[in-house]
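# Pasted the sequence and its predicted model underneath.
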Amino acid sequence: MSYSAHYDAIVIGGGHNGLVNAAYLARAGKSVLVLERRHLVGGAAVTEEIYPGFKYSVYSYVVSLLRPEIIRELDLPSHGLEILPLESTVTPLPNGDYLGRWADHDQTRRELYRHSAKDAEAYDDYGKLMYHLAFAVKPIVAMVPPDPTSLSPRDLLSLLKLGKHFRSLGATQFYALVKLMTMSAADFLDEWFETQALKATMSASGIIGTFLGPRSPGTAYVLLHHYLGEIDGSFRAWGFAKGGTGAISESIAGAARRFGADIRTEASVARVLVRHGRATGVALENGDEITARVVVSGLDPKRTFLKLIESEHLPDDFVDSIRRFKIRGSSGKVNLSLSELPKFTCLPRDGPHLRGAISISPSVDYLERAYDDAKYGNFSRRPYMDIIIPSMIDPGMAPPGKHVMSIFVQYAPSDLEGGWNETRREAFGDAVIDTLAQYAPNLPGAILHRQVITPWDLERDIGLTQGNIFHGELSLHQLFFLRPAPSWADYRTPLDNFYQCGSGTHPGGGISGTSGRLAALRVLKDWK
Amino acid sequence: MEAVNSDAMLKGTPFHSRTSALCQSQNWRRWSGHVVAGSYELTHDREYFAIRSSAALIDVSPLHKYMIEGPDAARFLNRVVTRDVSGCAQGQVLYTPWCDEEGKVIDDGTLARLGEEKFRLTSAEPNLLWLHNNALGFRVTVGDVSESTAALALQGPTSREILRCVTDADVGGLRFFRSMAAEVKRIPVTISRTGYTGDLGYEIWVDSENAEPLWDALIEAGGPYGITPAGMLALDVARIEAGLILIDVDYVPAHRALIEDRKSSPFELGLGWTVKLDKGSFVGSTALLKEQRNGSDWQLRGLEIEWESLETLYADVGLPPQLPTIAWRTSVPVYGGRHQVGYATSGCWSPILKKYIALAHLHSTHARTGTKVEMEVTVEHRRKRAVATVTSTPFFNPERKRS
């Protein structure tokens, strides 16, 4: 295939946001080129057959918040996107019991009642409050963040809308929102529930991808993110993509190509070409130069501004704030090929629990201890794990009768004491398997192949600085108009014609595609 | 208290011992005097996704089945159905409606040519009397084998692999709408590559006394391929996505319509492709020829209800769009401008297409693909109208269905 030497737009990085961005630009009639360093597109959303016959969603493993408007506007189902439901969450307990939350409301209530009659009722009230708050926060997630210090009409208008929006919340909800923004997940949930396993499993969604523990202030806010998908519940944007997360990237790439975008793999960008404060194209590692009217980076902020661009082209204070941007990696991944299903002591038979999420989060103390290890530079000896068995949902992920298991693991600090190496990586993998074997004793004997991924691998293999899966921590001081840097949250950068569209911009985190879409809309608005 | 009179009870199908043991939800549906599972699990989502992403096992035994045999079997059938049976090869299956003299649809089903002089016809309603009456003068016998034949639909992308595990017959060579005799674990069956889901799938016909071992064999072999027993709730969503109509829901059978307006011709139901007017005279052909010349007043089309429109209607009451969690089967008015131009008869949220879809009878003036119409939706007890686009069906039509 031949590529032209000039494009309307070049998108650096074929991750899901880069692909969404390219698709929207191409849809608007622009000539677009996506440049991806690896041999396949998707970034952290890829499916690879590392062990023959077994397919891993190597890094990112569930779809949580893929925006309905993106699914619709890019018509992703026609490009093969199928999201299969993950209906339950089961938390095995050290005493041989478990806590389950199921697809059926009555079944969940009965199960919670078994642990605490009060919690069974509080759970519905909590769900209702979260639903309201998520409905309130949703427009914020979907908007280009205004700059609160700016006096431009656009920013003022956005701020005004935002102010009005918040006044429309009732007092109870407003106070709850303030609490969510300031409290720790554990404290916030303490106000609602008494069952340890319930609080721990729920608070876990507040710590995923952050270098914080369930008792760290600010973690409550992320609880809300979990409910954002639920207000578009019928879309079932929460689940597992058939064919693994790579199928999501493939469907977006398919849409981009149908709109006419070129996608080049094994094309690593060395730097962005800059002339007179304006981006003019890119230079590849192989020396090729490709020019474009606009360049968009889907890489994380550090990689984008500290590696692709010589700092002389950027204002000092901006470079400083990007340097200070918190991007500590805290999680890893273990992918397993299994000869048989795990038999959990708490639910020894095959059953629906194997088709949902299994959470190793028996208590808040357990999670906080796991964090304690990481605070002082070690990986958790007893980590938090979020496990799914994709082959139970999509039999095509493994040979008949065999299975793949995806284990998200936290904490694995990027700056491990003494540094990561292959031995330390396997020791981390051993800790994961040892922990899991306490709940499912047959697991170690069923492993045919094991892939262990640490922040070290995430940085080397897919270019995530410090292995941070969200391109920067999702803590309040790095969200909304502060993401990735004050005054530069609107996808523009200090360089003309240079934009950012990765997860390090608002709203960030997970496979949502919002950053890619909003950045494309920004680019198109500026085009005139 | 007197014991329940067993004559008054609905019948189980030949698979009842198996399906009742699995039906956790106790959600049973009536179908031709039988009970079949509405859903097996407490929610039906997974059963739906089995149809689209692995394999679903669906008990379709309550279908009426007729065995038509004799030297004139093909000639007779050619006279009663709208498709051309003379060109139907052995091992071929035809989907076909059949009509009354006015060219209005009585019923629809599949017609399988099992031998030179042997066919099996399925139908939703009893049709024995009507077949008998039309058989006068033909050397055929029409036998009702509804009770003695059980049927399972095995539908979904992994259905072929599952069948390969249980039979030596050439499942891979069986093309779309073909059937063949086979043995599943020594049980004689007929396998046809047909179904009501619009996906890759098969229907397996078996003597009722062998029903249970057939079920067991499929469930056992299908385990590694994600086989999932699925009920009517899941099937209903799949058939709407496939644009397949349902008697008594999307049309009223001509024999039971109390007034003329309730009847529909094949042309009006989107089944014009099944009407072979050049094959010679058949029941209803004169009326159908006339309708073909003059055009039809109605057309059954697909509707895609626009999400943005729903979002606006619901935002007015402070809610995100509330969509039905199961397929609906009611008549819903459809408007073009100020006037009602038709009515939708079934609809659902399509989990695979991520679209709200419906099947609708539309005046031919408003039936062109791309036409914008409005469908009534009830938003917080108030009747509103959501913008919808007329589309062709099937809504979902994967390559694997035919490949």
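Right, received. Where do you want to start?

# does A:Val523 really touch A:Ala9, like I thought?
Yes - contact criterion CB atoms under 8 Å: A:Val523 and A:Ala9 qualify, at 6.9 Å. Just so you know, the C-beta spots here come from the backbone N, C-alpha and C atoms, and that holds for glycine as well.

# Now do the shared contacts for those two.
Contact criterion CB atoms under 8 Å, 6 or more residues apart in numbering or on different chains; residues shared by A:Val523 and A:Ala9: A:Leu25, A:Val294, A:Val296.

# Reformat those into JSON lines and put secondary structure, distance to chain B and neighbour count next to each item.
Formatted as JSON lines, the shared contacts of A:Val523 and A:Ala9 follow (DSSP: H, G, I helix; E, B strand; the rest coil; distance: CB to the nearest CB, whole Å; neighbours: other CB atoms under 10 Å in any protein chain shown):
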{"residue": "A:Leu25", "secondary structure": "helix", "distance to chain B": "22", "neighbour count": "31"}
{"residue": "A:Val294", "secondary structure": "strand", "distance to chain B": "28", "neighbour count": "23"}
{"residue": "A:Val296", "secondary structure": "strand", "distance to chain B": "27", "neighbour count": "32"}
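
# Can you tell me which of these is nearest A:Tyr376?
A:Val296 (39.3 Å; CB to CB).

# Look at the residue nearest to B:Leu269 when sequence neighbours are not counted and report its pLDDT.
Take B:Leu269 and drop its neighbours on the chain: the residue closest to it by CB to CB, 6 or more residues apart in numbering or on different chains is B:Leu300, 4.9 Å away. On the pLDDT scale, B:Leu300 is placed at 98.

# Enumerate every residue touching B:Leu300.
Contacts of B:Leu300 by CB under 8 Å, 6+ apart are B:Ile245, B:Asp250, B:Tyr251, B:Ser264, B:Glu268, B:Leu269, B:Gly270, B:Leu359, B:Ala360, B:His361, B:Leu362.

# Pull out the buried residues from these.
Among the contacts of B:Leu300, the ones that count as buried by 16 or more other CB atoms under 10 Å in any protein chain shown are B:Ile245, B:Asp250, B:Tyr251, B:Ser264, B:Glu268, B:Leu269, B:Gly270, B:Leu359, B:Ala360, B:His361, B:Leu362.

# Contacts only, for the second one.
Put plainly, it is B:Asp250. Shown in contact with B:Asp250 (CB under 8 Å, 6+ apart): B:Leu269, B:Leu300, B:Thr345, B:Ser346, B:Leu359.

# Flag the shaky bits of the chain, pLDDT-wise.
Just so you know, I chose chain A. For chain A, applying pLDDT under 70 flags the ranges A:1-4, A:226, A:229-237.

# Can you look at chain B instead?
Within chain B, the segments meeting pLDDT under 70 span B:1-8.

# mind giving me the domain split of the chain?
Picked chain A for this. Structural domains assigned to chain A are A:6-83+A:241-326+A:473-527, A:117-237, A:331-411+A:417-453, following automatic domain parsing.

# Chain B was what I was after
If you go by automatic domain parsing, chain B breaks into B:6-63+B:147-230, B:64-144, B:254-264+B:297-399.

# what about the residue nearest to B:Leu269, which SS state?
Assigned by DSSP: H, G, I helix; E, B strand; the rest coil, the conformation of B:Leu300 is strand.

# In the sheet, which residues pair with it? Tell me.
On the basis of DSSP bridges, B:Leu300 is bridged to B:His361.

# export the contacts of B:Asp250 to CSV and tack on secondary structure and distance to A:Pro348?
Listed next are these as CSV, based on DSSP: H, G, I helix; E, B strand; the rest coil; distance: CB to CB, whole Å:
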residue, secondary structure, distance to A:Pro348
B:Leu269, helix, 52
B:Leu300, strand, 51
B:Thr345, strand, 48
B:Ser346, strand, 43
B:Leu359, strand, 46
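
# Which of the residues you listed sits closest to chain A?
Distance to chain A, by CB to the nearest CB, is smallest for B:Ser346 among the contacts of B:Asp250, at 17.3 Å.

# residues in contact with that closest one?
Counted by CB under 8 Å, 6+ apart, B:Ser346 has contacts B:Asp236, B:Ile240, B:Leu246, B:Val249, B:Asp250, B:Ala327, B:Trp328, B:Arg329, B:Ala358, B:Leu359.

# Can you name the residues bridging to it?
Beta-bridge partners for B:Ser346, by DSSP bridges, are B:Leu359.

# which bits of chain A sit near chain B?
A:68, A:71-72, A:76-77, A:82, A:84-85, A:87, A:102-104, A:106-107, A:135, A:231-232, A:234-236, A:242, A:352, A:355, A:392-396, A:400-401 (CB under 8 Å from any CB of the partner chain).

# If we use 6 Å, what do you get?
Counting by CB under 6 Å from any CB of the partner chain, the positions of chain A adjacent to chain B are A:71, A:77, A:82, A:84-85, A:103-104, A:231, A:234-235, A:242, A:394-395, A:400-401.

# Quick check: of those, which lies closest to A:Trp527?
Once CB to CB is applied, the member of those that ends up nearest A:Trp527 is A:Ile71, at 25.0 Å.

# for the nearest residue to A:Pro441 once chain neighbours are set aside, phi and psi?
In this structure, A:Pro441 finds its nearest non-sequential neighbour in A:Thr345, 6.9 Å apart by CB to CB, 6+ apart. Backbone torsions for A:Thr345, taken as degrees, to the nearest 10, come to phi -60, psi -40.

# Could you check how far A:Thr345 is from chain B?
23 Å (CB to the nearest CB, to the nearest Å).

# For that residue, grab the count of nearby residues.
Residues contacting A:Thr345 under the criterion other CB atoms under 10 Å in any protein chain shown number 17.
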